[in-house]
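Pasted the sequence and its predicted model underneath.
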Amino acid sequence: MNNVILYLIGFAGSGKLTIANEILERSPFLLVDNHFINNVVFSLIDTDGNDPLPPRVWENVGKVRSIVFDTIRYLSKPERNFVLTNELVEGDAGDEKVFQEVRALATARGAALLPVRLIIAPEELARRVVSPQRQALLKSRDPHEALRMAREHQVYIPKDVDYFELEVTTLSTADAAEQILAEVRHRFRL
């Protein structure tokens, strides 16, 4: 594979990072997890994964993301593959903007882009989000908020770009990674 950007999109707790790490075990990708970007800011404030964050946090996260994307665009090897992760919600203007930034990044690199919507049952999401490993990564851990998100919203649906949707409620990490990589090979004839 050469110059592919996989973009794993799903609610907090849906397994984006876990699946991304499994993809890295199987194929030459570099991981840019959303918390790789977020935690530059999160680590400087008192966040416990349950309390709401001040709105200015997201402005600063956006600045870090711009630097990371600029580096990928101009300094990373042209043949490098990336797997990006993010929680994006349908109907949220800020999340739409983030998706368009990823799309523009792929276009600027001439990269093949495959957004992947990870879909999960609300009850499984609430069960996963309390995992102790999430606390160490400064990730949200509130099961009530996870249930609310999953019941009241849906994962972002990319506009005007082909995407892959994967139901991960009962799917093993290995099977999820393999299905995503098989889709990449099929779509981009790799």
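Sure thing, it's come through. Numbers count the residues shown, from 1 in each chain.

What helices and strands are in contact with the strand or helix carrying Leu17?
Assigning secondary structure by DSSP states H and E places Leu17 in helix 16-26. When contacts are defined as 3 or more CB pairs under 8 Å, 6 or more residues apart in numbering; DSSP states H and E, helix 16-26 sits against strand 4-9, strand 29-32, strand 81-86, helix 173-187. Any C-beta I mention is one placed from the backbone N, CA and C, and that applies to glycine too.

And these: which comes nearest Leu118?
Leu118 lies closest to strand 4-9 among these, at 6.2 Å (CB to CB).

In this structure, which strand is the longest?
Scanning the chain for the longest strand, with DSSP state E as the assignment, gives strand 112-119.

Parallel or antiparallel, list what pairs with that strand.
Note on strand 112-119: by DSSP bridges, its sheet partners are strand 4-9 (parallel), strand 164-167 (parallel).

Let me know which of those strands is tucked in deepest.
strand 4-9 (a mean of 26; mean count of other CB atoms under 10 Å).

that older thread, residues making contact with the helix or strand that the longest strand of the chain is followed by?
Downstream of strand 112-119, the next assigned helix or strand under DSSP H and E is helix 122-129. Here helix 122-129 makes contact (CB atoms under 8 Å, 6 or more residues apart in numbering) with 11-15, 120, 140-144, 146-147, 149-151, 169.

So which helix or strand of this protein has the lowest pLDDT on average?
Scoring the helices and strands of the chain by mean pLDDT, DSSP states H and E places helix 132-136 at the bottom, with a mean of 68.

who's in contact with the nearest residue to Leu24 once chain neighbours are set aside?
Nearest residue to Leu24 in three dimensions, chain neighbours excluded: Leu31, at 5.9 Å (CB to CB, 6 or more residues apart in numbering). Residues near Leu31 by CB under 8 Å, 6+ apart: 20-21, 24, 82-83, 85.

need those in a markdown table with pLDDT, can you?
Listed next are the contacts of Leu31 as a markdown table, based on pLDDT from 0 to 100:
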| residue | pLDDT |
| --- | --- |
| Ala20 | 97 |
| Asn21 | 96 |
| Leu24 | 97 |
| Phe82 | 98 |
| Val83 | 98 |
| Thr85 | 97 |
